[in-house]
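K.L.:
Coordinates only, no sequence provided:
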């Protein structure tokens, strides 16, 4: 249900995590908290509603427990009340997810993003238990359907069951099957949030009320602009812009999405940098394609700006 | 490309095929050509652009060769120039598909609908050869992407290659992945046609220019109305109607779609009737669900009409 | 059950079908019945138990109805009572499969091989109905589990149900999951037949009592020899030979199996020749690999013979 | 290659992990190290070659880092040199897997079992890097192919590449596709180990030289007996016993394998007990089936013993 004090709507950015080289750090890469703070600040300054540390894009599963906690603390401090911080609390079992949610609450996050059990084909009852335990912490919850990465598909009937928990507010839909939106909305009143950049247009046309994904790391202001068009029902205006960006947005749904978004950040003058294992460098072919897709998006935005003025 | 003399846009109905009992006919069911002619006439009279005999919905693979040909002849005669007849020419090999296309041309059809090879995981080169041979016949071609039913996925790069054939005009997209539309349009100018009823709204929001599917067999006038709203950019009006029909539309994407649409036809006072093998009767659970979904759609339409007046 | 007058055990060859060029024939290829008769005779002369016309390997779905029937007639005449003829009666609906079974009976075949409905995800009840109707014809039936090519998986509990039909004698297991054998045997006493060349060793070790597949078209005598070793419990002797042939046998489980087996036939001095659409020529890479795998098998057999003498 | 000082052949048991209730422990369950030590001792006393702590069966991903390390230490102490300890070092990235391997070495383990990156569809190059880094630790490595649980399939060509690392000794094959064995052996000389209980017979018939899986937790002495029969080429004797146990062995390949094996342990008078999240209790249906399958196996073994004597 979405009647809690804090909703999780709007453009919330699944933040990428910058590293700096340090031979003594895991895999030779130390989390660069300063750069991360600066990035969170920049996103908020560019109109985003909030940031989402420790999502898949934030490489949470490659961090130590201490690093993972500090990432949230840095985000909370950087956002400083100007937006929401929605911390990823993904884990194999609820005892782990709930632990991360407790730390998030203690550290001042505004909400949590939670996959079902990440490494086990949990039954519906076990998925409901997983969210029930996280719900006990009291923070608003965005559940996350990602049947490509987990073994569980949060099908509409299951969503409706989970949505009865008092703090469950929204679902980040990443299944790629946009038909889910109408079906979910027939069964409950949870907020549906576009969870992949390359179905943003269709899901918002259907009635999604949020966008939690990757490319706003690269184009925050323009992302907010598309989002606002859609919310206002200016679908054709949004489509005209969207169709020129969607080629690069597609990288958000590909295996190499973290590396691709970091490269795209580098290309537009931000800092993306390398990933920790298991994410290695992009192949030359992928690098070339991300570059071409980013450049095409940048050029389209330039034209758009010129016309808009 | 879509520059041929006849485009295949608009609402074209993949027609269901009525049978009557006859112990001597295959599986005890004889094709009822009279009822079929009446149905084609009714669809055109209700504003549909055309009819599509011998699609999957028309149970083409359960017919004898003679029956399959006659179905097209009856459709052509019934439509009588008031709309287009787009005949299904699906077959395992191109020698078979081309043969059906030749008969369609001889019998006065306006275009053909063609799956890739139906029973073999054909390579891209073999798929292109398949369509090249059908293209030689000269009728406008709507290619059909249905990776759920065939073993071949007409991915955007392959579509772009096939679209270079002079008579290929449109693609019926049934993959369920609406992301395909923008990607196809980036690579070629083929007309994209919504090929499943339950992604109609999203695909038309994206820019589809036709609808070739099933539930217009049940609700032809209302289907045309939704379609016209979308073409005119009245997305919110279309959505309001669509979201109340989409529950029944979902049956178009389910295994039992032929039986479900025939039952839905029966429920609204038309004639659907039984199917030939392998399609057996719906289970009681399915029957109840189709009935509930149809009744909900009918009620929504009644309210809509009342408000519209 | 396997108590009927004719069992379908032993090495039965899913026969490849030779064509000769003829511009007026479908796709320019006419069935070469003389060569086909000679091939059937050669297989029987080399110790095979029987032949299986109109299997997938026999390209049944690319034939006209008249050709399909004549292929069985030629096989029956060529075998002339020295072995069994097991005709493929695959079809989308039971009315079609039963029709082919009736013709097979009329034309003197000894049994039929039958897939479940080939193009529809039939329910268990519909699959049972399919076989029930074929069973009425009276010929011994080998059911065929090929969930890679059809949409239906004949899981052990379904096999047990079908096995209650009086004429169902055996199951050709092609799922690739050898675990099925013990599970099927726990539930019924149907004969399990190795249905893919590259699981022959494991399935016979488990207790399979037949081999119905492809590479005996190329190596009939040696195939019978491996089979006889297994039946006699000489597993280590069989394994020594099998492990040197299995690389070429793997082609029986690949998409291009028809083309590959025909090439392999050409390479050992038999006639394989081209395929009708949709099966195009092998790519150069595939041609090279089939050639290498065939040559390795031939060399291994030569060594084996030298040692055996 | 398998020339290192310690091979990883024979029956090595992926040990289940016992818990005791403790409201303050994660999910209310504290690891019962005493019971675990006793279990390791019992397995070695019953003829098993070794134990494998921190496999999937050992619920490694539900443990804290401290618990995970101590489990290995307890196993090493309990085995006390009478067999081998092969520690699971699974992790999302190599920095994590290598860290666990370093601790295993420090704590006296004899080898490690390592999945590829567990949560990412790593490229072949990234998989090779993962194992290269683990290899630097110096312990013998059993790589683990489990494409059902991870996103990576260690196909034979990739296995051959990894097998060139100096400490890679064996592959635990869990894909379920027994065809892999011959194909792997054609490409390299790595030891193939049966990695699922319900393909043990087929893989050992093919030439596997080890068994690393679950039901030896329940039936260690009898498992060793089957194994020894196979190694000695007494396939028919092994099959007679195996076919009566395989119904319960199948639980090793099911989603609920941990719960099922623990229940089976309880049923034969050992201690299995509950699991940590995400693994909840078995449904009543599953409980009944595991019970029936275990009881059937026990009865078969009783008969076998009576006859053997």
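P.N.:
Sure thing, it's come through. Source: prediction; values computed, not measured.
K.L.:
Report whether the expected contact of residue A:213 with residue A:250 is present.
P.N.:
No. Counting by CB atoms under 8 Å, residue A:250 is not a contact partner of residue A:213; they are 11.8 Å apart. Every C-beta, even on glycine, is put in place using the N, C-alpha and C of the backbone.
K.L.:
hey, what's in contact with both of the two?
P.N.:
Taking CB atoms under 8 Å, 6 or more residues apart in numbering or on different chains as the criterion, residue A:213 and residue A:250 both touch residue A:197.
K.L.:
quick one: which of those two has more around it?
P.N.:
More crowded of residue A:213 and residue A:250, by other CB atoms under 10 Å in any protein chain shown: residue A:213, with 30 against 20.
K.L.:
List the contacts of the more buried one.
P.N.:
Contacts for residue A:213 (CB under 8 Å, 6+ apart) come out as A:13-14, A:194-197, A:200, A:252.
K.L.:
For it, which non-adjacent residue is closest in space?
P.N.:
Leaving aside its chain neighbours, residue A:213 sits nearest to residue A:197 (4.7 Å; criterion: CB to CB, 6 or more residues apart in numbering or on different chains).
K.L.:
Residue A:59: neighbour count?
P.N.:
Neighbours of residue A:59 (other CB under 10 Å): 27.
K.L.:
so it touches residue A:258, yeah?
P.N.:
Yes. Under the criterion of CB under 8 Å, residue A:59 makes contact with residue A:258 at 6.3 Å.
K.L.:
Quick check: the gap between residue A:207 and residue D:188.
P.N.:
Separation of residue A:207 from residue D:188 (CB to CB, to the nearest Å): 55 Å.
K.L.:
same question, residue A:115
P.N.:
For residue A:115, the distance to residue D:188 - CB to CB - is 37 Å.
K.L.:
same question, residue A:212
P.N.:
Taking CB to CB as the measure, residue A:212 falls 45 Å from residue D:188.
K.L.:
quick one: which of those two has more around it?
P.N.:
residue A:212 (29 against 18).
K.L.:
Surely the more buried one forms part of a helix?
P.N.:
No. Applying DSSP: H, G, I helix; E, B strand; the rest coil, one finds residue A:212 to be strand, outside a helix.
K.L.:
who's in contact with it?
P.N.:
Neighbours of residue A:212 in contact, by CB under 8 Å, 6+ apart: A:8, A:12-14, A:52, A:86, A:113, A:142, A:172, A:193-195.
K.L.:
re the thing from before, could I get the contacts of residue A:213 as TSV with pLDDT and neighbour count?
P.N.:
Listed next are these as TSV, based on pLDDT from 0 to 100; neighbours: other CB atoms under 10 Å in any protein chain shown:
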residue	pLDDT	neighbour count
A:13	98	30
A:14	98	28
A:194	98	27
A:195	97	29
A:196	97	25
A:197	98	27
A:200	98	26
A:252	97	24
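K.L.:
Pipe those into CSV and attach secondary structure per row.
P.N.:
Output for those, formatted as CSV (three-state DSSP):
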residue, secondary structure
A:13, strand
A:14, strand
A:194, strand
A:195, coil
A:196, coil
A:197, helix
A:200, helix
A:252, helix
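K.L.:
Just give me the closest of the residues you listed to residue B:269.
P.N.:
For the contacts of residue A:213, the residue nearest residue B:269 by CB to CB is residue A:194; the value is 40.3 Å.
K.L.:
so residue A:201 sits right up against residue B:206, yeah?
P.N.:
Yes. At 7.1 Å, residue A:201 and residue B:206 qualify as touching, with contact defined as CB under 8 Å.
K.L.:
any common contacting residues for these two?
P.N.:
Contacts common to residue A:201 and residue B:206, judged by CB under 8 Å, 6+ apart, are residue A:239.
K.L.:
which of those two has more neighbours?
P.N.:
Taking other CB under 10 Å, residue A:201 and residue B:206 do not tie; residue A:201 has more neighbours (30 against 25).
K.L.:
Now that one. Nearest residue, chain neighbours left out?
P.N.:
Leaving aside its sequence neighbours, residue A:201 sits nearest to residue A:242 (CB to CB, 6+ apart; 4.7 Å).
K.L.:
For the strand or helix carrying the one you found, name the packing helices and strands.
P.N.:
Element membership of residue A:242 [criterion: DSSP states H and E] is helix A:235-249. On a contact count with 3 or more CB pairs under 8 Å, 6 or more residues apart in numbering or on different chains; DSSP states H and E, helix A:235-249 meets helix A:200-206, helix A:220-231, helix A:284-308, helix B:180-187, helix B:200-206.
K.L.:
need the least confident one among those helices, by mean pLDDT.
P.N.:
Comparing mean pLDDT over the helices and strands packed on helix A:235-249, the weakest stretch is helix A:284-308, at a mean of 93.
K.L.:
Please say whether there is contact between that one and chain B.
P.N.:
No. Figure legend: helix A:284-308 not in contact with chain B (CB under 8 Å from any CB of the partner chain); closest approach 9.8 Å.
K.L.:
gap between that helix and the chain center?
P.N.:
22 Å (CA atoms, centre = their mean, to the nearest Å).
K.L.:
next one: stretch A:169-183
P.N.:
Worked out by CA atoms, centre = their mean, stretch A:169-183 lies 14 Å from the chain centre.
K.L.:
and what of stretch A:23-33?
P.N.:
23 Å.
K.L.:
does residue A:169 count as helix, strand or coil?
P.N.:
Of the three states, residue A:169 takes strand under three-state DSSP.
K.L.:
quick check: angle from the helix or strand following the helix holding residue A:242 to helix A:235-249?
P.N.:
Remark: after helix A:235-249, the chain's next helix or strand is helix A:257-267, criterion DSSP H and E. Relative orientation of helix A:257-267 versus helix A:235-249 (axes from the mean of the first three to the mean of the last three CA atoms, to 10 degrees): 100 degrees.
K.L.:
returning to that earlier point: so how many other residues sit close to the residue nearest to residue A:201?
P.N.:
Neighbours of residue A:242 (other CB under 10 Å): 22.
K.L.:
Just to check, residue A:242 is in contact with residue A:226?
P.N.:
Yes. At 5.7 Å, residue A:242 counts as touching residue A:226 under the criterion of CB under 8 Å.
K.L.:
Pull out the buried positions in stretch A:79-97.
P.N.:
A:79, A:83-97 (16 or more other CB atoms under 10 Å in any protein chain shown).
K.L.:
All good on my end, thank you.
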